[in-house]
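J.: Predicted model and sequence below, questions to follow.
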Amino acid sequence: MDNRLHPTDQQITDFLQSAGDAPVCLLNLLKFKPRASYKDGEDVSGAQAYARYAQAFGDYVKPYGVEAIYGGKILAALIGKGEMKWDAAAIVNYPSAQLMLELTSSDTYRKIHKHRRAGLDGQLLIACDDSGIF
């Protein structure tokens with residue numbers, strides 16, 4: 001598993017080109033640190049720190065039409081093989097890729113990002129369209 005916390009410049013370019021102005025859903029696969037790494041040494045689990053981030057982020061983005069569709073613990077692989085090293089999954093719907101990048105580049109976001117950084121060991125973030133296959 002190649003855990004990352006931030007996209008590369010090329011990934012941002014590809015994301016914006018592929019999503020265009022259409023709504024985009026982001027599938028988040030999350031790996032938490034056993035213990036959060038706050039600069040002040042606060043002792044909570046990585047999952048607890050990330051929950052703080054998720055709550056603050058949800059409150060911040062809701063007025064912009066961003067909607068959390070799903071969030072929960074990963075239980076097991078039902079089909080296929082592979083290492084199941086992810087702790088949780090979430091799906092978040094954004095009105096556009098550009099709005100997602102604007103919201104996550106703001107000063108407001110930077111203030112709540114400390115909880116994500118403290119709690120998250122890595123993430124796989126997959127952009128999907130809302131073409132309604134199902």
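T.: Yep, that arrived.
J.: For the rest of this, base every contact and every neighbour count on C-alpha atoms.
T.: Will do.
J.: now the helices for the protein?
T.: 9-19, 46-61, 97-103, 107-119 (DSSP state H).
J.: Looking at the ones you listed, which is nearest to residue 131?
T.: Closest to residue 131 of these, according to Cα to Cα: helix 9-19, at 11.6 Å.
J.: buried stuff in the closest one?
T.: 15, 16, 19 (16 or more other Cα atoms under 10 Å).
J.: Once you drop chain neighbours, what's closest to the last one?
T.: Which is residue 19. Of all residues not flanking residue 19 in the chain, residue 97 sits nearest, at 6.1 Å (Cα to Cα, 6 or more residues apart in numbering).
J.: Verify the contact between that neighbour and residue 21 for me.
T.: Yes. Contact status for residue 97 versus residue 21: in contact at 6.8 Å, counting by Cα atoms under 8 Å.
J.: okay, these two: which has more neighbours?
T.: Set side by side, residue 97 and residue 21 show more neighbours around residue 97, with 23 against 13, by other Cα atoms under 10 Å.
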